[in-house]
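Q: After the sequence you'll find the predicted model.
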Amino acid sequence: MVASLDGAIAVGGRSGGLGGPADKAMFAALRGVADVVMAGAGTVRAEVYGPARPSEDARAARVARGQTEAPRVAIVTRSLELDLTAPLFADVTSPPLVITCASADGERQRSVAARAELIVAGDDTVDLLDAVAQLSHRGAAIVTCEGGPRLNGDLIAAGLVDEWDLTVSPLLAGGDAGRASHGGGTLTPTTMQLDRVLEDEGFLLTRWVRDP
């Protein structure tokens, strides 16, 4: 995630205005090691997601590690309100994964299954523990989540966050933008340890890992 000094995670409704070259490089590096890139449907719409397209060097490094050339994108959505004509669904060689729950509209499930790999996890809401387990059964050892805040909050509540990567942008954004996680029910705070800090032109790139 990326946030301003005063905690805003978006400017004008998108996160791009908060980043810089170093943050973009970190974003690419984190995607480069992931087997699956997970995001909520709202984030996919707001950021206009397409298929993950690593550089040639990143593709070669992934293959050398025994991974696929590019990570798959997984969309978490209870409603299945997705634009199936979007570029993300055009890649027939590596279609996205769509994670939903059993109570989602049956006709939408069938429409999505024709354009993506559908994963049903949970009954009335998406069961993220089950979803991550199903991703693991598909060979995903590393799942990188790119938000949004509601999905982040649900992952934290489920105890599924082992690493938190946050870029702090040297901006005071003001406004009414949300925080990096939201919701997820009553929580016992998760203790994280600071693993490293990098600085570039005022941007702080931090990596935090779960306290064992």
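A: Thanks, I have it.

Q: which residues touch the lowest-mean-pLDDT helix or strand in the chain?
A: When each helix and strand of the chain is scored by mean pLDDT, DSSP states H and E, helix 41-46 comes last, with a mean of 91. Residues outside helix 41-46 that contact it (C-beta atoms under 8 Å, 6 or more residues apart in numbering): 13-14, 49, 73, 75-77, 79, 81-83, 88, 146-148, 150-151. C-beta coordinates here come from the backbone N, C-alpha and C atoms, glycine included.

Q: Which positions in the helix or strand following that helix come out as buried?
A: Moving toward the C-terminus from helix 41-46, the next helix or strand (DSSP states H and E) is helix 56-64. By neighbour count with 16 or more other C-beta atoms under 10 Å, helix 56-64 contains the buried residues 58-59, 62.

Q: Regarding Leu151, what are the backbone dihedral angles?
A: Per-residue torsions, Leu151: phi -60, psi -40 (degrees, to the nearest 10).

Q: Let me know how buried it is, in neighbour terms.
A: Counted with other C-beta atoms under 10 Å, the neighbours of Leu151 add up to 25.

Q: same thing with Pro21?
A: The local packing of Pro21 (other C-beta under 10 Å) involves 10 other residues.

Q: where along the protein do the helices fall?
A: According to DSSP state H, the chain carries its helices in the segments 21-33, 41-46, 56-64, 106-113, 128-137, 149-157.

Q: Which residues does the third one contact?
A: Defining contact as C-beta under 8 Å, 6+ apart, one finds that helix 56-64 is touched by 28, 32, 54, 68-70.

Q: With neighbour count, distance to Ala116 and pLDDT added, can I get the residues you listed in a markdown table?
A: As requested, the contacts of helix 56-64 are exported to a markdown table (neighbours: other C-beta atoms under 10 Å; distance: C-beta to C-beta, whole Å; pLDDT from 0 to 100):
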| residue | neighbour count | distance to Ala116 | pLDDT |
| --- | --- | --- | --- |
| Ala28 | 13 | 24 | 94 |
| Gly32 | 19 | 23 | 94 |
| Pro54 | 16 | 20 | 92 |
| Thr68 | 13 | 16 | 95 |
| Glu69 | 15 | 19 | 95 |
| Ala70 | 20 | 16 | 95 |
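
Q: Could you export the helices of the chain as TSV, including distance to Ile119?
A: Output for the helices of the chain, formatted as TSV (distance: least, C-beta to C-beta, whole Å):
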stretch	distance to Ile119
helix 21-33	20
helix 41-46	14
helix 56-64	22
helix 106-113	10
helix 128-137	5
helix 149-157	15
